[in-house]
Every structure is written in C-alpha cells, then in structure tokens.
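Q: This is the structure alone, sequence omitted:
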RNA sequence: CAGGGUGUAGCUCAGUCGGAAGAGUGCCGGCCUUGGAAGCCGGAGGCCGCUGGUUCGAGCCCAGCCACCCUGACCA
C-alpha cells in the first residue's frame, strides 16, 4: 500500500467529540469517521484492523467446527413475536416497515432467526450437535452510544449459536467455545480475562464474559489470587464476614430529626457518623408487580443482578416515589426496615449489626442505635452487594479480591431451551420421540475488540498495535522523497516486501521526515523501516519496533528476509 | 428518554457593546529546505446548525426545531 494513494486523513489534534483514547486515536489516525451518533465510516486502515479481528475469529471458529452462515440484517417481526422479544426488547430494537407496512427489525442479535432456520431444517438428533456462526453488522438503538467503536449503535459482531440433544453436550460445547475464545483473544495479542457473568436480558443460566483489561474499561471486575475465580462485581460471590460481637447498646432505637437530609452522604455528614454505620433501604418493584425492600450497608452498593437472582424474578426497578410513600409513609430518603410490611432481604454484612442508623419511615427523621437482632429479627439474609477489591472470595474461602477494569469483548451463554421451546425447535430423538433442543450462544464484538486493543496498547505518540491486529506489519518510511536515488531504493525495497508477502504501508509522500515519523507513530504499525540517504550509502535500513526506544540497522539485502521471518514467527506463536 | 452543555473554515477554537467574519493548523501554488509536526511569499476555502422573530442593522438578542457531546439505565 502506498501511503500517497490511500485515504488516511490524520489529524494533529484530538477531535472535540471524543472522550476515550481509542476513539481519539482512531479518528486521529484516519481510521474512522463519524456519520451519525454511534454510526461510523471505517476508512482503509480501520477496515484492515477489523478484517484482522474477523480473520482470527473466523479461523478459530472454523477450527472449532462451527459453520459460517450469513443471516439477514433485516428480520421479520413475526419471529420476534414468537419468542416474545418483539414486546420485551423495547426501544433498543430498531423497527422498520416495508412498503406494504409489514414490520421488520434490524437485527440486534439472531437467536430467533437461527432457531427458525434450525427448526425448519434439522429434524433428527443425528444432525446434532451443530454450531452456526456469522460475522455481521448489528444494530442496537442504544440510549447513549459513546466512545467511538467501543459502544456504537451499528457494530460488527460475530454471533454463534449451537444446538444439542442434551444438556451435557451443550455444556461440552460451552467449554469448547470458552477455550476457542481464549485462543482468539490470545492470538489478538490482548491481555484479557474470562469472568463469570450475570445472564442479563438474553436469558439462560450460565455465562462468562471475556474482558480486555484496560484502565478505561467500563466494567469493574474482581479476581481471586488464591483460586482462579473471577467475576463481574455485579455477580462476584462475597464471603460472609464474621458477625460482629453483639453489644447491647441502648434499650431501643432512638428517633432523631434529620430535616432535608435524604442521602446516606447527607445524613452521614449531618450526624457525623461513618457511612458504614448506615443501613441503606432500597425499595424495588419486581416484574411480577411486587414491591420489596433490599438492605445494604451504607458504604456498600447493591447489585441488582444479585437481587434478581435472590428474588427469582426476571427484573427489578427502583420503586416510584408514590410506591415508596405508600409503603413507608414517607418521602424517598427516609425509608427504613423497621415496621415495613413488605418482603425485606438484607445483605450478609448487616447480620448482627448494632448501633446502626436507618430511615424512620417518617419525613425528616432517622432512627439511631438500631440493633439488627433486637429490632429486625426476622430478616432474610443473602449476598446482595457488588463486590469490591479486598472483599473475601467466597469460592475458595481464602483469598481477598483484586480489582480490575475491563472492556467486555465477548460473552458465552448457556441458553438452555429458552428459544427452542418458545419457537418449537424439536428434533426426533434416538428413542423416536420429539425433544426440545438445548442451545448455547456465543458473541464477540469485532469492532469493539479493535477499539479495546487500542485502549490497552497506546502511548503518547499514538497507537501501538499488537502485530496480529495491525493494519500492516511494516511501515516503510522514505526519509527524503525528492532524492531520486533514495526513492529508487525505497521503491525496490517496497517491491521486495510485497514479493515476500509482507503487509506493508509505504510512506512515499513528499513530506518531511518528521511528519512521516509522527504519522507512523500515530498509526502504530509494529515494524518501522526507515531508509534515508545515509542508509543507502551504508547499505542498511533502520528497523524500529513501535514499542521500542532504539532502532537497529539491518543490511538492505537482508531486511526483507529478516523481518518476514520475525513476523511469521511471532504470528505463529 | 430525563437533566446539563455545544453548534463559526477540513480540524482545534477566538469573535468585546448588536455596526465590514477571524487565528492557529490543514489544503493549493511558488521559493527555500529535508532524520521527529521547519521557514518565507501568495492563494482557495464560510447558509456563523436550520426556520422564524425583534431591529435601520443579528454570528451576537428572542422563540421553535435539528445535530452532536456529557451524566444516568442497556450492552458485543
């Protein structure tokens, strides 16, 4: 690729609408341009990176025995009505109509379409297992897309769906995909971690997320150094602490006035008591229409995911203020567990607390000197709060969690029969009877993986691509394009790289050396080969790795062979 | 969607009191240069987001709309 012939509109300054590094650098390096919110053009270099991710994903999925197909992006409403998601999915589902007013959606995921395909074409247990995947543009009309390719509305995803006669086989494939994902992200050259995850709206009962570790990651994770357990903080199991010794304080809770102080922070400052002395009372409405109260310590965060699984419902939402008033008799901010007539679940950390502060269920009042065992003896305890670094690991019972931040680039799900049952995907079993198939689904955010790679690999000068994802392997810089002898040597070198099958970007522009070096750093191709008048005279090219500080000189006659070898060696690791 | 913010040259941004649209950078041409974003000269480039209103006069004031960004719920 000759730089002078490519559309690589680099920018000196950060674009004003970008927040995170990957977004800024992809725009500055001329890889992407925004078309509308959450919707981007992929320019030549950006597309090359995306293709690299796709290539690795495709090779590994094929190797794993999955079959590539391509389903439609525009899907008929009927299939979605069958699964129930036409109504459940909400506004995130982009709905469109054709000329006859028939309803369609732009697929955000393809369980319905693939299940429909399988129920029509697969009739015997002998045709199972089967794993079908595609790499395709998806559209999710997110409330707030942001961070460039990290959270676009239109994005490229690899989605795979497997079908099995029984749970055991589905579990086997789940593990197989888990291992495949591990290979994929290793080959991408990324530092990542698979973690146990909540299952969310897609449903199912077992799931792992694959996170690329980066400071700027949106997800908080914890991992146990003693065992290998790692999980999203929303899900990570927390070891029960020792119950504090019971000290009988004053005989009964005392009411204190806390006018206008609603939040834990405000009341804590007002009463001059630490937030850990508070019991946070949160009212939630469940999807089945109940209102319940959840208690966590004042300095802890409630995990809605954990609450949902404790309650055994589909979803919860913070109760409306009218609902809070109805059950507590007070405005939001003064709710407390004492005297509440609804179901109350409390986090383990509250077991046996004394001297606590709770809302009084009366405007502008709180109760102090609350003793859990004395005043709230019938609490239902569960693990309800989000985990934080330092919390004890519940799996091994030994370690204390380390904290990480991650970018979710992949997820594997055990789906069970959620879709196959709703849509009647059956096969004839060995015993001659119809049986519902078991399903798993496995996603990778291809465009997000490209962005995550930058979040993890960059410096002040720009992107530092892992070799496997780089838009090219070698960036050849002609230091002085007007020097005809030099340019002839560069052209020759370029042709030699091409002949050797090395992916190369040749900066043949008539620009000063400094400009070319700056752009080379920004674009981040791993091997920079620099040729100048002095080098030609000495018969050497200068080779510098993007992440190295020093360069080395390699004889012109050897440089193509040497680099081709290094690149091939590194890529085959 | 709710709350906040911003829309002026390709990009980053100034624009005072309502009175002749600017800078830096990029782009084009020329000279001079050529190993980390050189210098000089010349030039092109503007629906000041859109529509309406107020005014002798609007980039600036008012109203409506649109787009984008930030904080929240969602997620590959």
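A: Yep, that arrived. Values in this document were obtained by computation on a predicted structure and should not be read as measured data.

Q: Give me the nearest residue to residue A:411, chain neighbours excluded.
A: Counting by CB to CB, 6 or more residues apart in numbering, residue A:209 is the residue found nearest to residue A:411 once chain neighbours are left out, at 4.9 Å. Where C-beta positions appear, they are placed from N, C-alpha and C, glycine not excepted.

Q: The one you found reaches residue A:195, doesn't it?
A: Yes: judged on CB atoms under 8 Å, residue A:209 makes contact with residue A:195 at a distance of 5.5 Å.

Q: circling back: wait, what's in contact with the residue nearest to residue A:411?
A: By CB atoms under 8 Å, 6 or more residues apart in numbering, the contact set of residue A:209 is A:194-195, A:197, A:219, A:232, A:406, A:408, A:410-411.

Q: Could you identify which of those residues has the most neighbours?
A: In terms of neighbour count, residue A:410 stands highest of those at 28 neighbours, by other CB atoms under 10 Å.

Q: Report the strands that pair with the longest strand seen in chain A, each with its relative direction.
A: Scanning chain A for the longest strand, with DSSP state E as the assignment, gives strand A:402-416. For strand A:402-416, the paired strands and their directions (DSSP bridges) are strand A:206-213 (antiparallel), strand A:219-223 (antiparallel), strand A:438-445 (antiparallel).

Q: is it anywhere near RNA strand B?
A: Yes: if you take CB under 7 Å from any atom of the strand as the test, strand A:402-416 does meet RNA strand B, through A:408-411.

Q: Show me the two of the residues you listed that sit farthest apart.
A: Greatest spatial distance in these: A:409 and A:411, 8.7 Å, computed using CB to CB.

Q: Give the residues shared as contacts by those two.
A: Joint contacts of residue A:409 and residue A:411 (CB under 8 Å, 6+ apart) are residue A:210.

Q: Compute the distance between the residue nearest to residue A:221 when sequence neighbours are not counted and residue A:415, please.
A: In this structure, residue A:221 finds its nearest non-sequential neighbour in residue A:404, 4.5 Å apart by CB to CB, 6+ apart. In this view, residue A:404 and residue A:415 are 27 Å apart by CB to CB, to the nearest Å.

Q: More neighbours: those two, which one.
A: residue A:415 (26 against 20).

Q: Could you measure from that one over to RNA strand B?
A: Residue A:415 sits 11 Å away from RNA strand B, going by CB to the nearest atom of the strand, to the nearest Å.

Q: Also residue A:212?
A: Distance from residue A:212 to RNA strand B, by CB to the nearest atom of the strand: 10 Å.

Q: Hmm, residue A:448 and residue A:23 touching each other?
A: No: in terms of CB under 8 Å, residue A:23 does not count as a neighbour of residue A:448; the distance is 11.7 Å.

Q: Identify the contacts common to these two.
A: Residues touching both residue A:23 and residue A:448 by CB under 8 Å, 6+ apart: A:149-150.

Q: all strands of the stretch 451-573 of chain A, in order?
A: Along the stretch 451-573 of chain A, counting by DSSP state E, counting those that start in this stretch, strands occupy A:458-459, A:462-463, A:474-478, A:504-507, A:527-531, A:540-545, A:551-555.

Q: Format the ones you listed as TSV; extra columns: mean pLDDT, mean neighbour count and distance to residue A:9.
A: Shown next, in TSV, are these (pLDDT from 0 to 100; neighbours: other CB atoms under 10 Å; distance: least, CB to CB, whole Å):
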stretch	mean pLDDT	mean neighbour count	distance to residue A:9
strand A:458-459	96	15	19
strand A:462-463	96	24	15
strand A:474-478	97	27	17
strand A:504-507	97	26	15
strand A:527-531	97	24	20
strand A:540-545	96	20	25
strand A:551-555	96	14	28
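
Q: how about those strands in TSV, adding distance to residue A:493?
A: As requested, the strands of the stretch 451-573 of chain A are arranged in TSV below (distance: least, CB to CB, whole Å):
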stretch	distance to residue A:493
strand A:458-459	27
strand A:462-463	24
strand A:474-478	6
strand A:504-507	8
strand A:527-531	6
strand A:540-545	7
strand A:551-555	11
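
Q: ok, residues contacting stretch A:475-495?
A: Contacts of stretch A:475-495 (CB under 8 Å, 6+ apart): A:2, A:497, A:504-511, A:513, A:516-517, A:520, A:523, A:525, A:527-533, A:536, A:541, A:556, A:559-560.

Q: pretty sure residue A:256 belongs to a strand, no?
A: Yes: counting by DSSP: H, G, I helix; E, B strand; the rest coil, residue A:256 is found in a strand.

Q: Pull the contacting residues for it.
A: By CB under 8 Å, 6+ apart, the contact set of residue A:256 is A:271, A:365-368.

Q: Tell me who's in contact with the closest residue to RNA strand B within the stretch 301-450 of chain A.
A: Nearest to RNA strand B, among the residues of the stretch 301-450 of chain A, is residue A:445, at 2.6 Å (CB to the nearest atom of the strand). Counting by CB under 8 Å, 6+ apart, residue A:445 touches A:155-157, A:408-410.

Q: Now with 7 Å, please.
A: Residue A:445 makes contact with A:155, A:157, A:409-410, according to CB atoms under 7 Å, 6 or more residues apart in numbering.

Q: Dump the residues you listed to CSV, plus pLDDT.
A: Output for these, formatted as CSV (pLDDT from 0 to 100):
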residue, pLDDT
A:155, 96
A:157, 97
A:409, 96
A:410, 95
